[in-house]
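Trainee: Generate coordinates for the sequence data below:
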Amino acid sequence: MSLIVQKFGGSSVADAEGIKRVAARILATKEAGNDVVAVVSAMGDTTDELLDLANQLTDAPPAREMDMLLSAGERISMALLAMSIESSGSQAVSFTGSQAGMITDAVHGKARIIDVSPHRVRQAIDRGYISIVAGFQGMSRESNNITTMGRGGSDTTAVALAAALGADSCEIYTDVDGIYTSDPRIVPAAQKIDVISSEEMLEMAANGAKILHLRCVEYARRFGVPLHVRSSFNDHEGTWVLPSPEDNIKLQEGDTMEQPIISGVAHDRSEAKITVVGVPDVPGSAAEIFGVIAGANVNIDMIVQNISKAETGKTDISFTLPSVEGTDALEALEAARATIGFEDISYNDQVGKLSLIGAGMRSNPGVSYRFFEALHQAGVNVDMISTSEIRISVVTDAELLDTAVRAVHGAFDLDGETEATVHGGTGR
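Mentor: Predicted coordinates for the structure are as follows:
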């Protein structure tokens, strides 16, 4: 008997019909002889709607109360799904994140898991019950408060439970048939990827691919959990994300063994750019700036420092960060302006990031030229550049991001002959 953890996103449980469909899939997995733990997100765009509602009441909602509010969405889904399964004659029990043993740090809105103790879930499994767990949330042992894990936290919940329970695999159900070479809502000709390494998936998730949360992929790689990303609207084989190159559980005779040059094109609209103008070009200035940013619990992505101006002895330092953390970063920097000695701060939240990802870049010259030539032909100007062994990322104007994605996707022959199917969701 296998133990399978199944995670269902908001579009999969968006309404009563969707919940019934998810219940039927869980029951089919159970009837096939498997133990099942299901992790659910909030229904549809519930989380966004709750955020909008809070913002109508106050410009600065208390972080603790926001976590109390946002965690309600998943609790609604878990209870309704358990009811649907019970109505079909099987036994199910729902658990909040804290009841399922998801212990986090005390940072509200973006808590990190520090321990998983799923004793009640294990007891329910041993009694033959289907366990339904609310994703995205946990409890801080330090404060005893409810916490949420940020965007994609339900994916992380599912993988953490799979690792703690010793599950055979973790299935991530969503509104598309798997992981695509780009977002099919932006590039209708994007192709489904059958197998991808966790290394490449980490880069895609880190650079805007919403299909999987970055921390989920990190967790799966660390604990060796195979991920199967598939649609909740059909029974098609999805995409396997394998934790290591040696793990070839899904490669069959005749499958392509040569690593493709490019796996996909990811994009991200959620970043903003800050430029700290007139920074003294002396040892320690950059450390002071990023020390202030770290103290504000703000995550930094790309960093560029301009050439120092000899006549002034000053330089400019630009970096990107999540736009939702922009206010915190600006306030922290302004408070430290006199200490650091910079002249001004520029902030731009109308930027987008595009990333080309593929392990084959390591051994194939000319990828950079092809990438930048595609952007040139599309009339897309580049503001910042960052690279790794298997990734090239650029920041450009937000209005040109879709054009840039389609141009690069086509330039690397990633377009398929048929349009990808998106079964639901808005991609919001």
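Trainee: Just the strands from the stretch 151-300 of the chain, written as ranges.
Mentor: 169-174, 179-180, 192-193, 195-197, 227-231, 239-242, 264-268, 271-280 (DSSP state E, counting those that start in this stretch).
Trainee: who wins for proximity to Ser71 among the ones you listed?
Mentor: Evaluated over these, closeness to Ser71 peaks at strand 169-174, with 20.4 Å, by CB to CB. Any C-beta I mention is one placed from the backbone N, CA and C, and that applies to glycine too.
Trainee: The closest one to strand 227-231, inter-axis angle?
Mentor: Angle of strand 169-174 versus strand 227-231, following axes from the mean of the first three to the mean of the last three CA atoms, to 10 degrees, is 30 degrees.
Trainee: Neighbouring strands - and their directions - for strand 169-174?
Mentor: Partner strands and pairing direction for strand 169-174 (DSSP bridges) are strand 3-8 (parallel), strand 227-231 (parallel).
Trainee: export the longest one as PDB, just CAs?
Mentor: What follows is the C-alpha trace of strand 3-8 in PDB, where atoms were taken according to Å, rounded to 0.1, in the frame of the first residue of the first chain:
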ATOM      1  CA  LEU A   3       0.900   6.700   0.800                       C
ATOM      2  CA  ILE A   4       0.200   9.500  -1.600                       C
ATOM      3  CA  VAL A   5      -0.100  13.200  -0.600                       C
ATOM      4  CA  GLN A   6      -2.300  15.100  -3.000                       C
ATOM      5  CA  LYS A   7      -2.500  18.900  -3.100                       C
ATOM      6  CA  PHE A   8      -5.400  20.800  -4.800                       C
END
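Trainee: chain center to it, what's the gap?
Mentor: In terms of CA atoms, centre = their mean, to the nearest Å, the centre of strand 3-8 is set 18 Å apart from its chain centre.
Trainee: cool, and the last one?
Mentor: A distance of 14 Å separates the centroid of the chain from that of strand 227-231, by CA atoms, centre = their mean.
Trainee: And the contacts of that strand?
Mentor: Strand 227-231 has contacts (CB atoms under 8 Å, 6 or more residues apart in numbering) with 159, 169-179, 211-212, 216-217, 220, 236-241, 423.
Trainee: Over to stretch 294-314?
Mentor: For stretch 294-314, contacts defined as CB under 8 Å, 6+ apart pick out 107, 110, 271, 278-282, 286, 290, 293, 315-322, 325, 328-329, 331-332, 343, 353, 384-386, 393, 395.
Trainee: same question, stretch 21-30
Mentor: Residues from elsewhere that reach stretch 21-30, judged by CB under 8 Å, 6+ apart: 4, 6, 8, 12-13, 36, 38, 40, 81, 84-85, 88, 90, 130, 173, 232-233.
Trainee: swap in stretch 319-338?
Mentor: When contacts are defined by CB under 8 Å, 6+ apart, stretch 319-338 is touched by residues 270-274, 276, 288-289, 292-293, 295-304, 340, 345, 347, 349, 351, 353, 384, 395.
Trainee: Mark which of the contacts of stretch 21-30 are buried, thanks.
Mentor: Among the contacts of stretch 21-30, the ones that count as buried by 16 or more other CB atoms under 10 Å are 4, 6, 8, 12-13, 36, 38, 40, 81, 84-85, 90, 130, 173, 232-233.
Trainee: In helices, which of these fall?
Mentor: Among those, DSSP state H puts Leu81, Ser84, Ile85 in helices.
Trainee: how about low-confidence regions in this structure?
Mentor: Applying pLDDT under 70 to the chain picks out residues 244-260, 421-428.
Trainee: Ramachandran coordinates for the residue nearest to the spatial centre of it?
Mentor: Residue closest to the mean C-alpha point of the chain, counted by CA atoms, centre = their mean, is His213 at 2.4 Å. With angles defined as degrees, to the nearest 10, His213 sits at phi -80, psi 140.
Trainee: what residues are up against it?
Mentor: By CB under 8 Å, 6+ apart, the neighbours of His213 are Arg151, Gly152, Gly153, Asp155, Thr156, Ala205.
Trainee: Give the phi and psi angles for the residue nearest to it when sequence neighbours are not counted, as a check.
Mentor: In space, and not counting its chain neighbours, His213 is closest to Gly152: 2.6 Å by CB to CB, 6 or more residues apart in numbering. For Gly152, the backbone dihedrals are phi 80, psi 10 (criterion: degrees, to the nearest 10).
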